[in-house]
Every structure is written in C-alpha cells, then in structure tokens.
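A.B. asks: When you get a sec, could you give me coordinates for this:
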Amino acid sequence: MQNLPVELQLQIISFLDVETIFSLRKTCTSLSQFTHDRSLWLNLISRMYHVLPRPLSKLEATTLSTLQLERLIKTAMHVEQVWLLPRMHSFLIQEQCNSDDFENSIPRIRYLAFVSDHYLLSLGSEGTINLWKINDVFTPFAAEVFVTYASSTWYPCAYHLNAAGSLLAIALTHVELVAARILTISLDTDSSSASDHPLLVTQGEFSISSPQIIRAIDADLELALLANTAASSFEVVNWRTKAQATIALGANDPGDLWNGVTAMRICGPYILVFRMHTVEAYPLPSHISSGVEERSDVLPQLTFRFPHTMTYRRVSLTKTTCIKDSESEIYGLSALANDLFHGIFHFYVKLTVHASPSLSVSPLGVRPMAAASPPFIATPLPQDLPPPVQFGVDTRTFISAWALGDCGRRGIWVARSRTSMIRTVMAFTNPLDVSNTSGEAWVWSNDSLQANVDSERPRLINGQAVYDIPIRDDITACAVSDTTGRMALGSWAGSITIL
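C.D. replies: Residues are numbered from 1 along each chain as shown. All right, here's what the predicted structure looks like:
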C-alpha cells in the first residue's frame with residue numbers, strides 16, 4: 001500500500017472507521033502520518049453525522065485543528081455508547097442550604113444550564129449565581145468554580161449566550177421589582193491562566209413595573225423581554241439605549257381558562273411567545289435595536305393553537321437554528337414540555353419569515369404517563385410499549401423537572417410514581433433531523449394527535465431509567481449537555497449533582 005500515490009492512500013484510509021484508523025496509526029510512521037491528515041477527519045465527521053449532537057458549522061470546519069476534530073469524534077462516539085446506560089457515579093458540586101424551613105420557601109435553584117458544554121450555570125432564587133468549569137469526558141470528573149455572585153437585593157432570572165459563544169449575559173431583577181440589571185461574563189476558553197477568573201460586568205440597568213418578570217434576554221441584540229404571566233401585553237427593552245416598546249398579546253380563546261406566558265425567544269424579526277395553549281409570533285419593532293433589520297414588508301402576527309385538552313406550564317427550549325438565503329428565511333427550535341395529565345411531549349417549532357410568513361408546530365414524540373393511551377391520541381399506542389417507569393402496579397407518574405440539550409439531540413426528565421419512594425432520571429435520544437418535519441409520524445388535527453397515513457406507528461419517546469434518587473431529594477431543575485452527555489440535577493434545598 002505504501003507504494004501507492006499519497007492521494008490514493010489517503011482516499012483508501014478515508015473509507016475506514018474510527019477504530020480501524022486508530023489501529024492503523026500504530027502500525028508504522030508513514031501510515032500514522034496519514035491518520036493525522038485534517039481532510040480525513042473532516043470526511044469522517046460528514047460520514048458520522050448520526051453520532052454528532054449537531055452539524056459542524058462552516059467556521060468550525062475551517063478553524064478547528066486536526067486534534068480538535070479527532071477529539072470531537074471520539075467524544076461523540078463515547079457519549080453515544082454510554083448515554084442511555086445507568087449512571088454508576090454522581091458528583092455533588094453544591095451542598096444544600098442549611099435552612100430547616102423548606103416548606104414555606106421557593107426552590108433554591110431557579111435555573112440550571114450547560115453553557116458551551118464546558119460550563120454549568122446555576123441561577124439561585126436567593127440572589128446567587130454560580131458558574132463551574134467542567135472538564136472533558138476522558139479525564140476524572142472535576143468542576144472548578146469559575147464565577148460566583150451573591151446579592152440580597154438582586155435576583156437572577158434569565159440568561160443568554162451570544163452567537164459567538166464568547167459572552168454570557170445574565171438578567172437580574174431588584175427584590176422590590178422596580179429595576180433590572182444585566183451582567184455579562186466573558187468566556188475565554190483559551191485563557192493562558194486558569195486563575196484569571198472573569199468578573200461579572202454590569203452592562204446596563206433599566207426600570208420595570210411590578211409585577212413584570214424578565215422572561216428572556218438576547219445578548220447580541222441587547223434586548224430584554226418582560227411579561228407578567230397573566231398579562232395582556234409584554235415589553236421589549238433595549239438595556240443599552242433604554243428604548244422600549246409594548247406589544248399586545250393575542251386575545252385568549254373562549255375555551256381557555258388561562259393562557260399564561262411560559263417562555264419567550266427572539267427569532268430573527270419575530271418574538272416567539274410560548275403560552276399554555278398556544279405558540280405565538282409577534283414582529284420585533286425595528287427601532288428597538290440596531291441589530292434588527294428594517295423591512296419593506298409588514299410582517300403579520302402568527303398563532304398556533306394546541307388542542308384544548310393540553311396545557312403546558314413550562315417548556316425547555318433548544319438553541320434557535322436559522323436557514324437564510326436569497327429565497328428563504330426559516331427559524332426553528334425544539335421544545336420539551338410536560339402536560340400534567342398526559343405526559344411528556346417533544347415538538348419542533350418552525351417559523352418561516354420569507355417567502356410567506358407562517359408558524360407551524362410539529363410533534364416529534366410523546367411519552368404517555370399513564371397505563372392507558374391518553375384520550376387525545378387518536379392512534380392506539382403499540383401493545384409492546386413498556387410502562388414509563390417500572391414502579392409496580394401504579395403507573396401514574398409525576399414529572400418534577402425536564403430538559404433538552406442545546407441542540408435537541410438528548411433529553412431527560414425526573415419522574416416519580418405515586419406509590420414509589422424514589423425518583424428516577426429518565427434519558428432519551430431525539431430524532432437525528434428534527435427540522436425535517438414533512439414526513440413526521442404525527443400531526444395536529446381536530447384537537448387530537450394523529451398518525452400520518454404513511455406511518456406504521458406513532459413515534460414514542462423511549463426513555464431509559466439511568467439513575468435513582470431518594471424521594472427526599474426533590475429535583476426541581478435539571479440540565480443536559482448534548483456534547484458531553486452529562487446531566488445536572490438541582491434540588492429544592494439547593495444541592496446540585498452531576499451525573
């Protein structure tokens with residue numbers, strides 16, 4: 001083989017799998033050199049898209065070194081192999097609060113999130129912010145405190161990582177709900193000194209009116225979205241220029257007892273508003289930020305309504321993807337939500353701006369939390385469907401926390417049966433291409449969830465039990481990393497555990 005031209009040798013090696021390439025590297029010096037060729041690993045990444053949490057961006061394809069590409073594939077293969085296996089080890093990185101009075105208090109952990117896969121962010125309900133730097137999956141676990149913050153008057157309520165992945169913005173509200181403050185942290189992963197921890201820098205403050213709550217922020221546009229849960233409008237505020245706008249929410253359907261706001265997200269020229277019974281899109285005022293493009297056309301308000309039998313009180317959202325060229329402008333994201341009576345739902349939200357504005361929500365999967373098929377599912381469930389959690393005769397399950405990874409590749413939820421004394425962490429893997437919803441197994445129709453005629457069966461979320469927790473550890477927040485496969489669990493009492 002070594003007598004063949006270099007180009008031909010490299011072409012032959014490109015057909016090998018990763019394990020064989022590593023074996024080839026050990027044979028001789030000349031062949032080992034081929035296994036370090038950058039084009040070889042780029043080719044492998046294009047072939048192994050099924051194990052990667054997300055496609056490689058054009059910037060990464062041109063800037064990542066051969067060693068980084070190799071580590072990316074090795075990590076993805078390792079995580080894919082162990083993701084659904086039971087977790088044998090857990091790591092407590094934050095102890096619970098010392099207070100003995102938990103019954104009359106709110107959960108100590110408000111939000112947990114893996115940021116850029118290298119960090120874990122915790123926003124506490126009592127004015128605390130903690131950011132840990134997490135090591136990679138091939139070394140013994142370690143979590144180093146990267147940033148810590150505590151205040152008795154300012155409480156964190158939202159966060160956002162900018163598009164470049166270099167700046168983390170965190171929003172805080174004053175304890176008296178009269179003002180808001182934006183702090184930022186610079187995430188320099190190439191810092192020469194591990195002891196040079198960044199500082200929280202105040203980027204802006206603005207007034208708010210009680211009982212408004214900051215639902216979301218955008219670090220790139222420097223915008224904050226504020227809404228009271230039961231309000232009839234919401235506010236958009238630029239924390240640098242102080243420009244603001246009030247946008248009226250759509251009227252509730254007569255059949256809705258309550259259609260409160262659960263989450264918000266800026267998607268291009270629109271603001272997506274997730275409510276208990278609907279997903280709505282409102283045009284973003286162009287004067288509010290220099291990052292919002294002026295448009296010659298007038299964008300319409302868009303609304304998608306879930307069946308009346310379904311109510312989502314909280315949703316976990318992935319990052320937003322965008323396809324934009326001369327002919328189209330499409331934004332998409334995945335969401336994981338829980339209906340108290342019906343179970344876990346995973347759906348994909350597609351917002352088309354150009355050529356014709358439209359909003360669609362496509363169900364990607366469902367996990368019923370009862371022994372029988374929920375009444376709103378028109379197609380019978382498979383007879384061989386195992387119960388969600390093997391707790392015994394009572395299969396009614398309560399969900400306390402759930403989360404999707406940033407890319408929507410992996411997800412978890414924490415469940416407990418009515419008769420059980422343990423909580424179980426359930427893990428699952430999502431479809432490879434959730435944005436391709438044209439052939440999905442499910443469609444919303446006539447207030448029910450039905451299977452397409454060309455589909456053999458509904459797509460079910462096949463959750464696997466990976467970890468058990470004593471019932472006293474009431475898990476109220478969780479997070480998952482698509483890239484490393486790590487899970488974070490936050491308890492009511494304030495402890496944080498990594499799996």
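
A.B. asks: make it CA atoms for all contacts and neighbour counts henceforth
C.D. replies: Fine.

A.B. asks: low pLDDT regions in this structure?
C.D. replies: Residues of the chain that meet the criterion pLDDT under 70 lie in 1-3, 97-107, 188-198, 229-230, 254-257, 296, 308-309, 370-396, 431-458.

A.B. asks: mind listing the helices for it?
C.D. replies: Using DSSP state H, the helices found in the chain span residues 6-13, 18-25, 29-34, 38-47, 58-63, 66-82.

A.B. asks: Could you check the angle the fourth one makes with helix 66-82?
C.D. replies: Comparing the axes of helix 38-47 and helix 66-82 via axes from the mean of the first three to the mean of the last three CA atoms, to 10 degrees yields an angle of 30 degrees.

A.B. asks: Point out the other helices and strands that helix 38-47 packs with.
C.D. replies: Packing partners of helix 38-47 (3 or more CA pairs under 8 Å, 6 or more residues apart in numbering; DSSP states H and E): helix 66-82.

A.B. asks: what does the helix it packs on rub up against?
C.D. replies: Residues external to helix 66-82 that are found in contact with it (CA atoms under 8 Å, 6 or more residues apart in numbering): 36-38, 41-42, 45, 51-53, 137, 483-485.

A.B. asks: Show me the two of these that sit farthest apart.
C.D. replies: Asp37 and Gly485 (27.7 Å; CA to CA).

A.B. asks: out of those two, which sits in the busier spot?
C.D. replies: Set side by side, Asp37 and Gly485 show more neighbours around Gly485, with 24 against 13, by other CA atoms under 10 Å.

A.B. asks: could you dump the helices of the chain to JSON lines with mean neighbour count?
C.D. replies: Formatted as JSON lines, these follow (neighbours: other CA atoms under 10 Å):
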{"stretch": "helix 6-13", "mean neighbour count": "13"}
{"stretch": "helix 18-25", "mean neighbour count": "14"}
{"stretch": "helix 29-34", "mean neighbour count": "14"}
{"stretch": "helix 38-47", "mean neighbour count": "17"}
{"stretch": "helix 58-63", "mean neighbour count": "10"}
{"stretch": "helix 66-82", "mean neighbour count": "17"}
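
A.B. asks: Tell me which of the ones you listed approaches Glu205 most closely.
C.D. replies: Proximity to Glu205, assessed across those by CA to CA, is greatest for helix 58-63 (33.9 Å).

A.B. asks: Val137 - how many residues pack around it?
C.D. replies: So Val137, with other CA under 10 Å, has 15 neighbours.

A.B. asks: residues in contact with the residue nearest to it when sequence neighbours are not counted?
C.D. replies: The spatial neighbour of Val137 that comes closest, neighbours along the chain excluded (CA to CA, 6 or more residues apart in numbering), is Thr484 at 6.4 Å. Neighbouring residues of Thr484 by CA under 8 Å, 6+ apart: Thr75, Ala76, Val79, Asp117, Asp136, Val137.

A.B. asks: do Gly332 as well
C.D. replies: Under the criterion of CA under 8 Å, 6+ apart, the neighbours of Gly332 are Thr320, Thr321, Cys322, Tyr348, Val349, Lys350, Leu351, Ser435.

A.B. asks: Would you mind measuring from the fifth one to Tyr119?
C.D. replies: Taking CA to CA, to the nearest Å as the measure, Val349 falls 27 Å from Tyr119.

A.B. asks: higher neighbour count, the two?
C.D. replies: Val349 (23 against 20).

A.B. asks: how many neighbours does Asp17 have?
C.D. replies: Asp17, neighbours per other CA under 10 Å, totals 12.

A.B. asks: What sits closest to it if chain neighbours are left out?
C.D. replies: Per CA to CA, 6+ apart, closest to Asp17 is Leu44, 7.9 Å.

A.B. asks: ok, the one you found touching Ile13?
C.D. replies: No: using CA atoms under 8 Å, Leu44 makes no contact with Ile13, being 10.3 Å away.

A.B. asks: Do a quick rundown of the strands in the stretch 201-350 of the chain.
C.D. replies: Remark: strands of the stretch 201-350 of the chain, listed N- to C-terminal, are 201-207, 214-218, 223-226, 233-238, 244-248, 261-267, 270-275, 278-283, 302-305, 315-317, 321-324, 329-339, 343-354; assignment by DSSP state E, counting those that start in this stretch.

A.B. asks: and Asp473, what does it touch?
C.D. replies: Asp473 sits in contact with Ser491, Trp492, Ala493, where contact means CA under 8 Å, 6+ apart.

A.B. asks: how close does the second one sit to Ser23?
C.D. replies: Put plainly, it is Trp492. When Trp492 is compared with Ser23 (using CA to CA), they lie 48 Å apart.

A.B. asks: So which of the contacts of Gly332 is the closest to Phe398?
C.D. replies: Tyr348 (23.7 Å).
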